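# Give the three-dimensional model of this entry:
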Amino acid sequence: MKICLISEGAYPYVTGGVSSWVQSMILNMPEHEFIVYSISAKDSKDITRKYELPSNLLELHDIFLGAHVDENIQAGKRYNITEEEKEAFLSLIGGREVNWSVLFQFFVDGRVDSILNFLASKDFFDIVQELCTKRFVHVPFTDMFWALRSMVLPLFLCIDQKMPEADLYHSVSTGYAGVLGALAKHQYNKPFLLTEHGIYTREREEEIIKADWIKGYFKDIWIDYFYSLSQCAYEHAERVTSLFEGSRQIQMELGCPAEKTSIIANGIDVDKFHIQNRNQKVTGIHIGAIVRVVPIKDIKTMIQSFSIVQQEIQDSYFYIIGPYEEDEEYYEECIEMADSLGIRNIVFTGAVDVQEYLEFLDILVLSSISEGQPLVILEGLAMEIPFVATDVGSCAELLLGKYDSFGQSGTIVPVMHFHLMANDIISLANDPKRRKEYGRNGRERVTSLYTLPGMIEKYNRLYKEVNRNGRHRLSVERTV
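Model (predicted):
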């Protein structure tokens, strides 16, 4: 089977949970051939591959959205859009049900010579004017024009690409990747599967609410827009998987039909994590976080909690383990915060061999604002290291054992409550017996419920089921 995985902002250019998942899927399904379609907001000059491409990855297709900003623009053109096409564009921005088939076909037909030309056309001008006249009467036209242009530009650039042909399409999120999966289904009439590691729409909503560059009256428009993108993916997908029950419930709340949903948890190769190699340092408490240094991981909350811990435990060491090049401005802010708080013994390691740190760390920390089912928690627990984590994604399920009998393997604190995080770290640091108990419980949970072979078997079964049903559906449609 030839499978096209569609990823946004991740593989193979960014390390992290989603990229690791993509790499694992390809490596552990050698019987399938893969194509990866990767969407990046940056220019190709600004990124490098972080993963060695497996031999069964036949093609890597990239769309670098940043590469299009310097194109020459011919303003004022006409594209002779029909009334039905105009309504489809209006509904995309106007918060109504979107006719995606009409939108897809408009771009697939090859009528648009350049997305930037289309957004500078008289047709797009007319669409914005009608929106201002009928729905946004209190919004200045110029503000609306530039806001909508920036909103739809990435989407239209994605839709304007020719999708590679495959037997099955698998998007690793909603958003642009989800729409491209729906587009591929429209183009080739092949099955489309959607997996959400986190709830993309909720993550974008949080970012938009906090964003300074989006004016207040545009925040709702942006949020509704991303909900429309998710609806597109939910509507077109044959099956929609999530990593844990809480995520599946949110998918249904957002409009995904319950009969399409199922849970396939993340899994790790437990055999790579050798607890016999654990060699805790003789002195001090060693606390780590395996994390990308980016705002959604809320490194600043972690630093503030470490500051309190160090006041209580003088001989404590903090390791922030992971790459920091993705958002260098945020990284510098974190360095400045650590300096201003006078924290000693703090190390930003950059990209390193994580295993070396898992062999001696006493406690692991995760302070994210949003997560799905973090692979770093599974990996830490596989090495019998207890966690203190924020109450996001499936962290409570993994650490408190809500749905199993393996016992507690860490503690949960509210998002951004650095003082509560510090209290739990101090409590664990002062209780080696509880750390050992939590670590042992965690390894038992992971080895029983979250193994890589188990995950691969479930996806393989789903691929065969979706492809078989898709072939049957397509043969019926051809007959009709």
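
# I would like the residues contacting stretch 206-218, please.
By Cβ atoms under 8 Å, 6 or more residues apart in numbering, the residues outside stretch 206-218 that reach it are 138, 139, 143, 147, 219, 222, 223, 226, 296, 369, 370. To be clear about C-beta, it is placed using only N, CA and C from the backbone, and glycine gets the same treatment.

# For PyMOL, write a command that selects the buried ones of those.
Of those, the buried ones go into a single PyMOL selection, burial set by 16 or more other Cβ atoms under 10 Å:
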select buried, resi 139+147+222+223+226+296+369+370
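
# In CSV: the contacts of stretch 206-218, plus distance to residue 161 and secondary structure.
Below are the contacts of stretch 206-218 laid out as CSV (distance: Cβ to Cβ, whole Å; DSSP: H, G, I helix; E, B strand; the rest coil):
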residue, distance to residue 161, secondary structure
138, 36, coil
139, 31, coil
143, 29, helix
147, 24, helix
219, 29, helix
222, 23, helix
223, 26, helix
226, 20, helix
296, 27, helix
369, 31, coil
370, 28, coil
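
# could you redo the contacts of stretch 206-218 as a markdown table and give each row distance to residue 426 and pLDDT?
Listed next are the contacts of stretch 206-218 as a markdown table, based on distance: Cβ to Cβ, whole Å; pLDDT from 0 to 100:
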| residue | distance to residue 426 | pLDDT |
| --- | --- | --- |
| 138 | 52 | 83 |
| 139 | 51 | 85 |
| 143 | 50 | 89 |
| 147 | 47 | 89 |
| 219 | 39 | 89 |
| 222 | 41 | 90 |
| 223 | 39 | 90 |
| 226 | 39 | 93 |
| 296 | 26 | 89 |
| 369 | 23 | 90 |
| 370 | 26 | 86 |
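
# of all the contacts of stretch 206-218, which comes closest to residue 10?
When the contacts of stretch 206-218 are compared for distance to residue 10 (Cβ to Cβ), residue 296 wins out at 12.9 Å.

# how long is stretch 107-122 end to end?
Separation of the first and last residues of stretch 107-122 by Cα to Cα, to the nearest Å is 17 Å.

# one step back: which among the contacts of stretch 206-218 gets closest to residue 200?
residue 226 (7.5 Å).

# Look up the closest residue to the closest one, ignoring the ones flanking it.
Leaving aside its sequence neighbours, residue 226 sits nearest to residue 204 (Cβ to Cβ, 6 or more residues apart in numbering; 4.5 Å).

# in which helix or strand would I find the one you found?
Residue 204 is located in helix 200-210, with elements delineated by DSSP states H and E.

# mean confidence for that helix?
Averaged over helix 200-210, pLDDT sits at 87.

# so where do the helices sit in the stretch 351-480 of the chain?
354-358, 375-382, 395-400, 418-429, 432-449, 452-479 (DSSP state H, counting those that start in this stretch).

# looking at the ones you listed, which is buried most?
Greatest average neighbour count among the helices of the stretch 351-480 of the chain goes to helix 375-382 (a mean of 26), per mean count of other Cβ atoms under 10 Å.

# How far does that one sit from its chain's centre?
18 Å (Cα atoms, centre = their mean, to the nearest Å).
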